[in-house]
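J.: Fold the following for me, if possible:
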Amino acid sequence: MPRSYPIEKYRDIGVIAHIDAGKTTTTERILFFTGVSHKIGEVHNGEAIMDWMVQERERGITITSAATTCFWSPGEGLTHQKTNEHQFNIIDTPGHIDFTAEVQRSLRVLDGAVVVFDGVAGVEPQSETVWRQADKYSVPRICFVNKMDRTGADFEKDLESIWTKLTTNAVALQIPIGAESDFEGVIDLLEMKALYFEGQDGQEVKAKEVPENLKQQAEDWRKKMVEKVVSEDEVLLNKYLAGEAISIEELRVTLRKATIAYRLVPVFFGTSLRNKGIQPMLDGICYYLPSPVDLPPTKGIDPATGEVLERKTLDTEPFCALAFKIATDPFVGSLTYFRVYSGTFKKGNYLLNTITGQKERIGRLLRMHANQREEVEEVFAGDIVGTVGLKATTTGNTLCDENAPIILEKISFPEPVIHIKVEPKTKADQEKLGVSLKRLQDEDPTFRMKTDHDTGETIIGGMGELHLDIIIDRLRREFNLDVTSGRPQVAYKETIEMHAEAEAKYIKQSGGRGQYGHVMIKVDPKKQGEGFEFVDEIKGGVIPHEYISAIEKGIKEALEKGVVAGFPMVDVKATLYDGSYHEVDSSEIAFKIAGSMALQEAARRAKAFIMEPMMKLEVVIQPDSLGDVIGDISSRRGQIEETSERGNMKVVAAKVPLAEMFGYATSLRSLTEGRGTFTMEFSHYEKVPQSISLAIVEGRKR
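T.: As a prediction, the model looks like this:
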């Protein structure tokens, strides 16, 4: 079966933004104008197609990324002709930082992104976070500044915040006609036409002459745009400097190349809620964002030899795909989303999972439309599709042709920063709880579950209070489990301050064969986030090779338990440099225990200490609440970094320990008469002050 659309017309894109910038509203308009939906679904009415989960509709926020497919021709809003049609595979992502994994894994498999900004607030903290995530995967992007109809919207201020906080490469392709309640449309600076959006839902795009009062401003902005674009191409630059005319097509081709290379970022304006500015932004996706073939070949490694392999985005290459999301679907069970990087594949055949080494039969292939599904017979390079019933595949696994195995780069996720204990109301539900949590863990890589071996309690961890609230709500609704939860607990960690050495002997005689293990290790601190490193410096066989891995295992177990208050110890380099063994009494278990004892002693000598997660906090308040809010943050051991203005509001940026932030929403409401808002995201780990550390240790003993 041939592919219905040439791969050059594919656009695999994501919509990313800070919470409440209007991401889902923008996606709903894209679906309406591309003809996927015939009625606009509003987030505030709980009717958005892409927010299909009960929890999303109740809270009016996006929790899980949703995929859909739609079609658009550049200029369609003006002409109504479906010529030169492009296929968009779109993923709408959450903005709340608790669901950052959804953004991370979506960006890993996307070729381009539309970054949505609030026209009043400009660049917000999570705008910066998603921008950095897009930088990590080198995703070309365009900007859509939304909410230009709101009081306080100012396009020049928005551009300034993008230039100062994100990138100097942003280039405005439009300027708004009017502002706030007088926002009527946009001026296309390339074609120098005023675009108005008429009809009941703004579906008719009318191109008119630029209003007389905006001509000079439009000329000035066009000059800035042309200068930025021509500086990307030597031939065009020479033409421009020589005073020769440069065609719109030449500018567009150069801008496309520069956008794909992430040297320029086109900026569009509009208001999704009022249906203005969406169609030109859709044209921009076609004109400037890459198709799968515009990007370099996908790299991976050969599982047998470790050598680097390449897969071009062609149907003729061997098949390879990356599973980037597992979802629990109430109708079909476990649903695996994957992005096809090369080759074609027909349903009913087998694929190799190169991470597990197991073969998986792909019985059904599904093109997703949020939570609706459309069966397809075959998938091609560039497709984003789902399949059901995979048993051994999790997020980040590679699925490929068994005759051409490859392992694609995995997706890395942040560690949980908050834990709570959960237990079912009845003993009969204990096993069901374990199975349900396992399914949720398969679905969400930032959610963790473990059993506390000392108390037998089930502990779950996540990225924030909202994240765990949603998990518990899903346990009750989707899995019919009545659970109780404890107070949130901070994910403290331990590490060491300095170099130290220690020696440990484990000797046990009990008649007959005894136990003997003797090790000498040294420990050194590593930079934050570098993790654990084990170095074997044993020479001359003073400890036989077969015992080295047992010593490493013992050291790792000791790190898990920590030495100060029982929290996991991180960022430590342990070097085994000497020891001895007994020909009869030495065993793996003896050396494992000796390794554990040596690590504990060395860590104590290296001044082990407790670290706590610090959060980046941004509070937006009325000016008259500023003093109270700053005082409250300081009382929570917070460090104020800056205060600034955003329209007629004050913005306070601070770093605060997570341990002091439980229940902050209630405190902020009472301090600001319910008018203050805040966002919080994980920043880094920091040493806990001595007085707090002693209290934590005492609390653990109790």
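
J.: Glu307 contacts Lys299, doesn't it?
T.: No - taking contact to mean CB atoms under 8 Å, the distance of 11.0 Å between Glu307 and Lys299 leaves them out of contact. Where you see a C-beta, it was placed from the backbone N, CA and C, and this is true even at glycine.

J.: Looking at these two, which is more packed in?
T.: A side-by-side neighbour count of Glu307 and Lys299, using other CB atoms under 10 Å, places Lys299 first with 13 against 7.

J.: And that one, how far from Leu408?
T.: Counting by CB to CB, to the nearest Å, the separation of Lys299 from Leu408 is 8 Å.

J.: just Val542 next, same as before
T.: As defined by CB to CB, Val542 lies at a distance of 42 Å from Leu408.

J.: which one of these two has more residues nearby?
T.: Residue environment comparison for Val542 versus Leu408 gives the larger neighbour count to Leu408, 26 against 13, counting by other CB under 10 Å.

J.: State the distance from that one to Val230.
T.: When distances are taken as CB to CB, Leu408 and Val230 turn out to be 38 Å apart.

J.: Check Asp118 too.
T.: To Val230, Asp118 is 31 Å away according to CB to CB.

J.: before we move on, what about Glu681?
T.: Using CB to CB, which is the criterion applied here, Glu681 is 39 Å from Val230.

J.: all helices for the stretch 351-500 of the chain, in order.
T.: Using DSSP state H, counting those that start in this stretch, the helices of the stretch 351-500 of the chain run over 430-443, 465-477.

J.: Figure out which of those is closest to Ala134.
T.: Of all those, helix 465-477 sits nearest to Ala134, with 21.7 Å by CB to CB.

J.: Any buried residues in the closest one, and which?
T.: Counting neighbours by 16 or more other CB atoms under 10 Å, one finds that the buried residues in helix 465-477 are 465-472, 474-475.

J.: Quick check: nearest residue in space to Leu475, chain neighbours excluded?
T.: Of all residues beyond its chain neighbours, the one nearest Leu475 is Leu481 (4.6 Å), with distances taken as CB to CB, 6 or more residues apart in numbering.

J.: Ignore what I typed, I meant Thr677.
T.: In space, not counting the residues next to it along the chain, Thr677 is nearest to Val620; the distance is 5.1 Å by CB to CB, 6+ apart.

J.: The helix or strand harbouring the one you found - which strands sit beside it in the sheet, and in what orientation?
T.: Per DSSP states H and E: Val620 is located in strand 609-621. Using DSSP bridges, the strands paired with strand 609-621 in its sheet are strand 493-495 (antiparallel), strand 649-657 (antiparallel), strand 677-687 (antiparallel).

J.: Turn those strands into a markdown table, including mean pLDDT.
T.: Listed next are the strands paired with strand 609-621 as a markdown table, based on pLDDT from 0 to 100:
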| stretch | mean pLDDT |
| --- | --- |
| strand 493-495 | 94 |
| strand 649-657 | 91 |
| strand 677-687 | 85 |
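
J.: and among those, the most buried is which?
T.: Of those, the one with the most neighbours on average (mean count of other CB atoms under 10 Å) is strand 493-495, at a mean of 23.

J.: Contacts for that one, please.
T.: Counting by CB atoms under 8 Å, 6 or more residues apart in numbering, strand 493-495 makes contact with 525, 562-565, 567-572, 603, 608-611, 685, all of which sit outside it.

J.: Buried among these? Need that as a selection in PyMOL.
T.: Applying 16+ other CB under 10 Å to the contacts of strand 493-495, the buried members can be selected in PyMOL as follows:
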select buried, resi 525+562+563+564+565+567+569+570+571+572+603+608+609+610+611+685
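
J.: Narrow the contacts of strand 493-495 to those in helices?
T.: Assignment to helices by DSSP state H places the following of the contacts of strand 493-495 there: Ala603.

J.: now the strands: where do they sit in the stretch 201-350 of the chain?
T.: If you assign secondary structure with DSSP state E, counting those that start in this stretch, the strands in the stretch 201-350 of the chain sit at 204-208, 265-269, 298-301, 308-311, 320-329, 333-342, 345-346, 350-353.

J.: tell me the average confidence for the first one?
T.: Along strand 204-208, the predicted confidence averages to a pLDDT of 90.

J.: which parts of that strand are buried?
T.: Going through strand 204-208 with 16+ other CB under 10 Å, the ones that come out buried are Val205.

J.: What strands flank it, and is each parallel or antiparallel?
T.: When sheet partners are counted by DSSP bridges, strand 204-208 sits next to strand 193-198 (antiparallel).

J.: could I have the partner strand exported to PDB, CA atoms only?
T.: C-alpha atoms of strand 193-198 as PDB (Å, rounded to 0.1, in the frame of the first residue of the first chain):
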ATOM      1  CA  LYS A 193      -0.900  42.700   3.700                       C
ATOM      2  CA  ALA A 194      -3.300  43.200   6.500                       C
ATOM      3  CA  LEU A 195      -5.100  40.000   7.500                       C
ATOM      4  CA  TYR A 196      -8.600  40.100   9.100                       C
ATOM      5  CA  PHE A 197     -10.500  37.000  10.400                       C
ATOM      6  CA  GLU A 198     -14.200  37.200   9.600                       C
END
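
J.: Next, the buried residues of that strand.
T.: The neighbour-count check on strand 193-198 (16+ other CB under 10 Å) flags 193-195, 197 as buried.

J.: Nearest the geometric middle of the chain, what residue?
T.: In the chain, the residue lying closest to the centroid (CA atoms, centre = their mean) is Gln104, at 2.4 Å.

J.: mind checking which helix or strand the closest residue to that one other than its chain neighbours is in?
T.: Nearest in space to Gln104, with sequence neighbours left out and distances taken as CB to CB, 6+ apart, is Gln133 at 5.8 Å. In the assignment (DSSP H and E), Gln133 maps to helix 125-136.

J.: next structured bit after that helix?
T.: Helices and strands here follow DSSP H and E; after helix 125-136, the next one along the chain is strand 141-146.

J.: what's the spacing between that following strand and its chain's center?
T.: Shown here is strand 141-146, whose average C-alpha point lies 18 Å from the average C-alpha point of the whole chain (CA atoms, centre = their mean, to the nearest Å).
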